[in-house]
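Asks: Give me coordinates for this.
(chains A and B)
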Number of protein chains: 2
Amino acid sequence: MPIYNAPLKDMDFILNDVFKADEFWQANENLAHLDVATANAILEEMAKFSKNVILDLNRSADESGGAQFNLGEVKTPEGFKDAFNQFAQGGWVGLGAPEEWGGQGMPKMLTVLADEMIWSTNPSFMLYPLLTVGAGMAINDRASQEQKETYLPKFYTGEWSGTMCLTEPHSGTDLGIIKTKAEPNDDGSYNITGTKIFITSGEHDLCENIIHLVLAKTPNAPAGSRGISLFIVPKFLVNADGTLGERNAVGAGSIEHKMGIKGSATCVMNFDGAKGYMVGKENEGLAGMFVMMNYERLSMGIQGIGASEYAYQNAAQYATDRLQGRAATGVQSPEKPADSILVHGDVRRMLLNVRANNEASRAFAVYVGQQLDITKYSTDAEAVRKANDRVALLTPIAKAYLTDTALQATLEAQMCFGGHGYIREWGMEQCIRDLRIAQIYEGTNGVQAIDLIGRKTIKCSGAFVAEYMAEILEFSNTMPDSTLKQAVVNVCGKVEALTQFVVEQSKSNPNFSNAVAVDYLHVVGLLSFVYMFARIHEAARVKAEPFYQHKLVLADYYVAKVLPDLAARAERIYAGADLIMQLPQDYFTAQA
Amino acid sequence: MPIYNAPLKDMDFILNDVFKADEFWQANENLAHLDVATANAILEEMAKFSKNVILDLNRSADESGGAQFNLGEVKTPEGFKDAFNQFAQGGWVGLGAPEEWGGQGMPKMLTVLADEMIWSTNPSFMLYPLLTVGAGMAINDRASQEQKETYLPKFYTGEWSGTMCLTEPHSGTDLGIIKTKAEPNDDGSYNITGTKIFITSGEHDLCENIIHLVLAKTPNAPAGSRGISLFIVPKFLVNADGTLGERNAVGAGSIEHKMGIKGSATCVMNFDGAKGYMVGKENEGLAGMFVMMNYERLSMGIQGIGASEYAYQNAAQYATDRLQGRAATGVQSPEKPADSILVHGDVRRMLLNVRANNEASRAFAVYVGQQLDITKYSTDAEAVRKANDRVALLTPIAKAYLTDTALQATLEAQMCFGGHGYIREWGMEQCIRDLRIAQIYEGTNGVQAIDLIGRKTIKCSGAFVAEYMAEILEFSNTMPDSTLKQAVVNVCGKVEALTQFVVEQSKSNPNFSNAVAVDYLHVVGLLSFVYMFARIHEAARVKAEPFYQHKLVLADYYVAKVLPDLAARAERIYAGADLIMQLPQDYFTAQA
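Replies: Residues are numbered from 1 along each chain as shown, chains lettered A, B, ... in the order given. Presented below is the predicted three-dimensional model:
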């Protein structure tokens, strides 16, 4: 059976040694109630829940076929309801939500670590509370006081859950062409009519009510994305006293059969004149939905970390136990029929790739979490401005780069098992199937890359990247000389030149940015990871224990063995867009 | 539903324009009966069979749960038996087998193309005849005349099938530690006892008998791989007159639940004193099994091509039909709500990556097929020697590089579908699940890389690579000046330097080769693909039709956008093994 032990020591190191959470919390009035001991106690509790409650349900949910659909109702996998009740009663749904509405008010730099454990042990389970938390953020940000009072407390007790209804059969990335209609009623409500697809947790049996956040168009709304409004559409209407009223005209038509995350119900939702309530202003719905969307995007990155950590732990254990062949330097375990496959460089290479990915991406998630906390808790306007720009720049990296690298990491971990990685019992094949969606949903990684290179780079002429690199170079100035320090400086030089090239080229060639976007995203991702290793390195090098000293080796490994990808990405960007765009459209499907 | 149309025009181009099959066949006495028209007619027949008979069974086999095990018997998916009967009656099992034994005697450079179509449309189905063909090759190469007469004709009629029984629970890559025993009987036969796992087609209902080729150790055999013998173990013993006798003491204990290729029965086989007949000489079994193994390894590469081609066709069609957003250069289809996503550079980038992979890898398979044909049919001893060396060098490339690139290709094709790529109905998620095994079975791709860098490179001080590059440079000398020609020359220079470095380093550092093996394999893979584009380019540039002229663009695309990977691989190789090997073994599993 697959194993999992939360990497608590590593989480403590990143939170407290690398990012000095304690100092940060003390310096922010609204976080000063929090200390390291409390934070670690929270992580320890989640470590127990993830290992003891949801880990085993991960495999059983997959093997039993996942969520089951019957006559409009969804039955979640065996054990999910009990686990969700424990989760809700433990206060986990609202861990990062405002205390005002029943949340725990914990900072993001802490909640990303708790979330990672759930993603490691049961991604399908994670998706049920995840959408609730995102919907709560959008409501908290955009809705009326009455709407907040009606919905938010029920979210954080786990009694009700939330969804995000954007996609339609003909409309995914391009939300400007959605067809779902919202017709006003005399009482200020709307009748919502249309079909939404790929709705995570659209229907299920974990909660007594489901609150859909729905994008729709009012009559005579402007064409395109400027004519989209946001609506709350509850499964059961809510009476004035907060009790549940009649069933609304919204229901699941079917659920999808998917590559993975089978325990999560992905629903086709039919709105048939369902009663809805506008959130925020008419035609400004997309911005409201993006409050939720940006939260989910960071979460997808954490899904990547979770999967990669889980894959690493299982692969490292398997490799330790698996005896095949002998070390090239001579027999290591003469008492055994063969040596552990850890003696083979190629196995180590794969494991170190995964390990490096875990440590860098975990640090990155905490870093982005801290930036989010600054935007929320800081009273320094310039610090908030900077952090907002940083979050804008790094959200696509968190979503896309962390999931791209995680998929490669889990594939390498699977390879450590040989044929055993391909069969069900070791858990690796499910891990990959479950993770793959993270590169696709909440805007494909290609769409993330286009967001990064367009809105976050070209639009500001590279200012966000420049400010990020100024921070990185300032940090590297505090480092003693080393291969890593030189690498940081080198990478910054290369990224600066590439960014200038991108900004310049895009002026004369409208096709340029889209064609090189993914390569540019990986460039900024590599920059980010080498920066994280610099921060890890500085926190670790002053400590003598092997746990810390080994991190210096891993950082050097990253520079020597992963960072070279930058050379290939740069060459591709400099090669431009012309060879991509010059073939006629019918080339692609012409009979070969 | 997924689509597939065999790329017959492209196959004809590669076979006849690029590799001038006709001239080659005419020049070899034993192939002179074959001409282009016959070859194309064969491919057209297979195109029909793959599209009309097995394509639909691919999805139904997966959805129904694949092969089913009950009380030692395996039921193949609905429709497989009828399809297999058609396949066998069409003479396809023995397409490349000797006419002497009922085969069609077709050359490998043709059969790789027929095989590709089956891999495209139904990889689980392909695995049933595949093992038969491989077992037939081993028997033809190593067995006695009587054994050949007994088994081979039955293989090529499809009445009996074959298997390859190597792996045991504790012994996969390291076959030297197998435990299966072979105890001699007075009549010259042996009693075989042991457990083999991951046995493809170990039990099924398509054929009346199953002939297992089994590795086992005779009493007092030398330790390690020098003490392994090869045995024929039939499911039903064969009477002197060729009819079936009593059931042998071999049977399936269970089948595996796998990530993909669910229609293929992967069996645990229990040998309980089963009667077996030695093939070839005692203790020389591994070499005999490698006749089969090397055949399977090239086949895995073709599995990669098949999957990548299938993924391309479906993704290109989906991208053409899917309307989202508008072209960066302005609206392309004003009459529609949005433009085809083919206007977006990132979608084109993904499709071109897949397309480039298909065309280069298909050419490479035909090239390797031609080399195999030279070893078999040529009467020129020096040509045979050269071709043998070339095949030795390129078999790990065919197996590992073609499946590594194919997995990336299918992942990119899946991404073109957005969320639709993750659900069952478009066929992409199954394609990836089915393909993933190709990187793992028949020796993981890491093991292939170690074979390439060790036995095929370091052992001969780089002579195989040098002779390959001499051919490539000689060819490039005939090319007019172009970016592609320069790229070929550049790459050869880099590979030469890298090979020297590898040979040198391995003298002083026994860990070096294993640690850089996969990167070196990719370097030789990139060299091979750029060579294939050079050959494609030279055959295409003299023709004016867009079909040919577009190949020149694709070749330039490859140089600009795929070949840069070489820079990253080279940096990693030059970074050496030390950072990989220096961490202690317990680092990998120490609690983090």
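Asks: A:T329 and chain B, how far apart?
Replies: 5 Å (CB to the nearest CB, to the nearest Å). Every C-beta, even on glycine, is put in place using the N, C-alpha and C of the backbone.
Asks: What are the buried residues along stretch A:281-289?
Replies: A:N283, A:E284, A:G285, A:L286, A:A287, A:G288, A:M289 (16 or more other CB atoms under 10 Å in any protein chain shown).
Asks: And what about A:T195, helix, strand or coil?
Replies: strand (DSSP: H, G, I helix; E, B strand; the rest coil).
Asks: Name the residues linked to it by a beta bridge.
Replies: Bridge pairing for A:T195 (DSSP bridges) gives the partners A:N270.
Asks: Please tell me how far it sits from chain B.
Replies: 14 Å.
Asks: That residue - how many residues pack around it?
Replies: 17 (other CB atoms under 10 Å in any protein chain shown).
Asks: dump the residue contacts of it.
Replies: A:E168, A:P169, A:T180, A:G253, A:V268, A:M269, A:N270, A:F271 (CB atoms under 8 Å, 6 or more residues apart in numbering or on different chains).
Asks: Can you tell me which of the residues you listed is closest to A:G245?
Replies: Checking those against A:G245 with CB to CB, the nearest one is A:F271 at 17.5 Å.
Asks: Can you say which of the contacts of A:T195 are buried?
Replies: Buried, going by 16+ other CB under 10 Å: A:E168, A:T180, A:V268, A:M269, A:N270, A:F271, out of these.
Asks: which non-adjacent residue is nearest the first one?
Replies: Nearest residue to A:E168 in three dimensions, chain neighbours excluded: A:I178, at 5.4 Å (CB to CB, 6 or more residues apart in numbering or on different chains).
Asks: The one you found is in contact with A:L215, isn't it?
Replies: Yes: A:I178 lies in contact with A:L215 (CB atoms under 8 Å); the separation is 6.0 Å.
Asks: Need the overlap of contacts for the two.
Replies: Contact criterion CB under 8 Å, 6+ apart; residues shared by A:I178 and A:L215: A:L166, A:I228.
Asks: Help me confirm that A:L244 comes into contact with A:I210.
Replies: No: counting by CB under 8 Å, A:L244 does not reach A:I210; the two are 11.2 Å apart.
Asks: These two: which is more packed in?
Replies: A:I210 (27 against 15).
Asks: Please report the distance of the more buried one from A:G242.
Replies: 16 Å (CB to CB, to the nearest Å).
Asks: And for A:G525?
Replies: For A:G525 relative to A:G242 (CB to CB), the value is 46 Å.
Asks: Mind checking which of the two has more residues around it?
Replies: Per other CB under 10 Å, whichever of A:G525 and A:G242 has more neighbours is A:G525, with 27 against 11.
Asks: so where does the more buried one fall, helix or strand?
Replies: helix A:512-540 (DSSP states H and E).
Asks: Kindly list the longest helix within chain A.
Replies: Ranked by residue count, the top helix of chain A under DSSP state H comes out as helix A:285-321.
Asks: Tell me which residues of it come out buried.
Replies: Neighbour-count burial for helix A:285-321 [16+ other CB under 10 Å]: A:285-289, A:291-316, A:318-320.
Asks: Helix, strand or coil: sort out A:A590 for me.
Replies: With three-state DSSP as the criterion, A:A590 reads coil.
Asks: Contacts only, for it.
Replies: Residues in contact with A:A590 (CB under 8 Å, 6+ apart) are B:F547.
Asks: Next one: it, what pLDDT does it get?
Replies: Looking at A:A590, its pLDDT reads 92.
Asks: So for A:N30, what's the pLDDT?
Replies: 87.
Asks: what ranges of chain A fall below the confidence cut-off?
Replies: Across chain A, nothing is flagged by pLDDT under 70.
Asks: Pairing partners for the helix or strand encompassing A:A216, with directions?
Replies: Using DSSP H and E, A:A216 sits in strand A:209-216. Note on strand A:209-216: by DSSP bridges, its sheet partners are strand A:160-165 (parallel), strand A:229-234 (antiparallel).
Asks: Nearest to B:E78, out of those?
Replies: strand A:160-165 (37.4 Å).
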